[in-house]
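> structure for the following, please:
(chains A and B)
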Amino acid sequence: MLANLINGISLGSVYAIIALGYTMVYGIAKMLNFAHGDVIMVGAYVAFCAITGLGWPPILAVLASVAVCTVLGIIIEGLAYKPLRNATSLAVLITAIGVSYFLQNAALLIWTSNTKVFPNIFADLPALQLGSTQVAPVTLITVLANIVIMLALTFFTSKTKMGKAMRAVSEDKGAATLMGINVNRTISMTFAIGSGLAAIAGVLLCTAYPTLMPTTGAMPGIKAFTAAVFGGIGSIPGAMLGGVLLGVIEIFGKAYISTQLSDAIVFAVLIIVLLVKPTGLLGRKVREKV
Amino acid sequence: MKALKNLKKQTKISFLNYGIVILFFIVVQILANLGMLTNSLKGQLIPILSYVIMALALNLVVGISGELSLGHAGFMSVGAFSGVVVSMSLAENVPNPGLRLLLAIVIGALLAGIAGVIIGIPVLRLNGDYLAIVTLAFGEIIKNVMNCLYVGVDKAGLHLSFKDAASMGMAADGKVLINGPMGATGVTKLSTFIAGTILLLLVLVIIQNLVNSRTGLAIMAIRDNRIAAEASGVPVTRHKLIAFVTSAAIAGAAGALYALNYSTIAPKKFDFNTSILILVFVVLGGIGNMTGSIIAAALLTVLPELLRKFSDYRMLIYAIVLILVMIASNNPKLRSIFDGLGKKAKKEEAAK
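Numbers count the residues shown, from 1 in each chain, chains lettered A, B, ... in the order given. All right, here's what the predicted structure looks like:
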């Protein structure tokens, strides 16, 4: 019971970190960035290569992975999404899918389809004994990372100039431009932060579930997107809450109902929540104007 | 007078679509007779038809009804597996393969339509991106359930189980039709190119008549302005549901046609990526444009095959082509050039 709960919170924390990327991009650019899941995969591969290929210490590898993904996020945004700033949301969605295909197939060419076994980067750390259950260090670090990221992002969006600019742009692009905010740079910055977080999520995900292949990011990406919607897309605490709940539901569904149907259970809960509260758990209701 | 002109334009487009399908059929027949069709291309014919039908079905929801659905492969899956069960369990009672295919397609469409009603009633209360994510969720649920579904047949009739093949409690001579994640194996291939073409023409008739009818106008009115349509007394949910369920049923028929073209078919085939693939056809063909859907679905199904000489790079090229086309078609400069060309042509026509 306790072990399941801890596992659920840990998996949920990974979802939450990915969901933060989705939710920030959605909040500011009003687009569903389906390529986000594949950025996770790229982040994990970069860290993998740095650790096993170059023999770098894990902390340096994580930093390298974050740096690569941040730059990747900015490049993707600049090349693929910026030209479509005024296009319909469906056009942007299809472009995002194109980017997702591109990343997956590029990864397939670079790293081949062979499954890589991700090293346990926290192997040296001792496990925590909680009563009769043992908590693996990666679980603890994932939950801690989640909390730190959450606090940092809340501070960033509410206190710093750039963060305030982000909220202004997500509220009203036109008015933000008139106030002298560089909208394009703000959106790039959002992508950079989201992608950097995706790299961290990728490393944490692959440390806990150490199989790495070009499609590794796809399913967690969809689940994290679900988590973002679950909590109310566009809301940072919502993404956190949605992610953790989703992880707990998934692990409990696996343990007590059916292993094969656990995904179906997760999605069924999402549908029920959306039917009762169509904007998600913490989403704000926007009144429709005629 | 103006109404007559509009009507004419609509009929013209409808006949253009029938023409394209018939022309495609004739060209393929001639090429096949001349022996100019490679085997890999021949194997693509029925998938092409299935994907064209899927694209038309999705275009009805995305283009005409204006709702984004990311789970249409789920309906295809329902149609595919119910079609397989029907065709395999009736193998002895209905020996005629054509009739069996017809029954499989009809029942596949019916069950997918029922799934459409069950999903549509709660889902269509939502709007925009939320509707998209819920359809995605339903698509995943259908895939997941199909993954644990076991169906078998013996003298007593059909047996169902969600656990494993053994717990169906079949007689010793029973045959497993659907085997969980393995899907259906040993399916008799029933789909033929001509049956597929007839189905496609039928689907075109249904969709084009629906779109040009009073109901179709109401559906498009809701798409353009839901509040205004509601205020004018158009029942919103009912019309959205008509479009959604019709689309689901057609997707089911396409699924049955698709599945009966292969000897094995797994539930994994109808996942999120397939839903997205069909959405790509619809968007690249032009949202709401049926002719565009037909051409885009056919070309894009063959494209990976044509790119085969680039072997490993073909999906990469496909992705780049996709991104470039989206950027180019939304570039205001290019757009104005194309619009200008269109206007010029119209002016010349008017001058004549």
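> tally of neighbours for residue 194?
No chain in the question, so chain A it is. 25 (other CB atoms under 10 Å in any protein chain shown). Yep, even glycine has a C-beta here, placed from its N, CA and C like the rest.
> oops, wrong one, chain B.
If we define neighbours as other CB under 10 Å, then B:I194 has 11 of them.
> let me know the average pLDDT across stretch A:277-290.
When pLDDT is averaged along stretch A:277-290, the result is 67.
> my bad, should have said stretch B:152-162
76.
> now do that stretch: distance from first to last residue.
12 Å (CA to CA, to the nearest Å).
> which positions in the stretch 151-290 of chain A make contact with chain B?
A:218, A:222, A:225-226, A:229, A:233, A:258, A:260-261, A:263-264, A:267-268, A:270-271, A:274-275, A:278-279, A:288, A:290 (CB under 8 Å from any CB of the partner chain).
> ok, the nearest residue to B:V234 once chain neighbours are set aside - contacts?
In this structure, B:V234 finds its nearest non-sequential neighbour in B:A218, 4.8 Å apart by CB to CB, 6 or more residues apart in numbering or on different chains. Residues in contact with B:A218 (CB atoms under 8 Å, 6 or more residues apart in numbering or on different chains) are B:229, B:234, B:239.
> can you pull the pLDDT of B:A218?
93.
> do B:S247 as well
The predicted local confidence for B:S247 is 95.
> before we move on, what about B:L102?
92.
> partners of the lowest-mean-pLDDT helix or strand in chain A, with directions?
When each helix and strand of chain A is scored by mean pLDDT, DSSP states H and E, strand A:128-130 comes last, with a mean of 72. Strands that pair with strand A:128-130, judged by DSSP bridges, come out as strand A:133-135 (antiparallel).
> can you list the buried residues in the partner strand?
A:V135 (16 or more other CB atoms under 10 Å in any protein chain shown).
> just after that strand, pick out the following helix or strand.
Next in sequence after strand A:133-135, counting helices and strands by DSSP states H and E, comes helix A:137-159.
> name the residues that touch that next one?
A:6-7, A:9-10, A:13-14, A:16-17, A:20, A:24, A:120, A:122, A:125-128, A:162-164, A:166-167, A:193, A:197, A:200, A:204, A:207-208, A:236-237, A:240, A:243-244.
> and stretch B:309-316, by the same measure?
A:101-102, A:104-106, A:108-109, B:304, B:307-308, B:317.
> for the stretch 201-350 of chain B, which residues are neighbours of chain A?
Checking the stretch 201-350 of chain B against chain A by CB under 8 Å from any CB, the hits are B:227, B:272, B:276, B:279-280, B:283-284, B:287, B:312-313, B:315-316, B:318-320, B:322-323, B:326-327, B:329-332.
> skipping its backbone neighbours, what lies nearest the residue of the stretch 151-300 of chain B found nearest chain A in space?
Chain A sits closest to B:V283 of the stretch 151-300 of chain B, with a gap of 4.8 Å, by CB to the nearest CB. Of all residues not flanking B:V283 in the chain, A:I94 sits nearest, at 4.8 Å (CB to CB, 6+ apart).
> just how off-centre is the helix or strand B:E305 falls within within its chain?
For B:E305, the host element (DSSP H and E) is helix B:290-306. The chain centre lies 13 Å from the centre of helix B:290-306; the measure is CA atoms, centre = their mean, to the nearest Å.
> flag every buried residue along the helix or strand just after that helix.
Counting by DSSP H and E, the element after helix B:290-306 in chain order, helix or strand, is helix B:314-329. Neighbour-count burial for helix B:314-329 flags B:314-316, B:318-320, B:322-323, B:325-327, B:329 (criterion: 16+ other CB under 10 Å).
> just send those back as JSON lines, with distance to B:V245 and pLDDT too.
Below are the buried residues of helix B:314-329 laid out as JSON lines (distance: CB to CB, whole Å; pLDDT from 0 to 100):
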{"residue": "B:R314", "distance to B:V245": "37", "pLDDT": "74"}
{"residue": "B:M315", "distance to B:V245": "34", "pLDDT": "77"}
{"residue": "B:L316", "distance to B:V245": "38", "pLDDT": "82"}
{"residue": "B:Y318", "distance to B:V245": "32", "pLDDT": "79"}
{"residue": "B:A319", "distance to B:V245": "34", "pLDDT": "84"}
{"residue": "B:I320", "distance to B:V245": "37", "pLDDT": "87"}
{"residue": "B:L322", "distance to B:V245": "30", "pLDDT": "83"}
{"residue": "B:I323", "distance to B:V245": "34", "pLDDT": "88"}
{"residue": "B:V325", "distance to B:V245": "32", "pLDDT": "84"}
{"residue": "B:M326", "distance to B:V245": "30", "pLDDT": "84"}
{"residue": "B:I327", "distance to B:V245": "35", "pLDDT": "86"}
{"residue": "B:S329", "distance to B:V245": "31", "pLDDT": "80"}
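> format these as CSV; extra columns: distance to A:F155.
Below are the buried residues of helix B:314-329 laid out as CSV (distance: CB to CB, whole Å):
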residue, distance to A:F155
B:R314, 46
B:M315, 42
B:L316, 40
B:Y318, 42
B:A319, 37
B:I320, 39
B:L322, 39
B:I323, 36
B:V325, 42
B:M326, 37
B:I327, 36
B:S329, 41
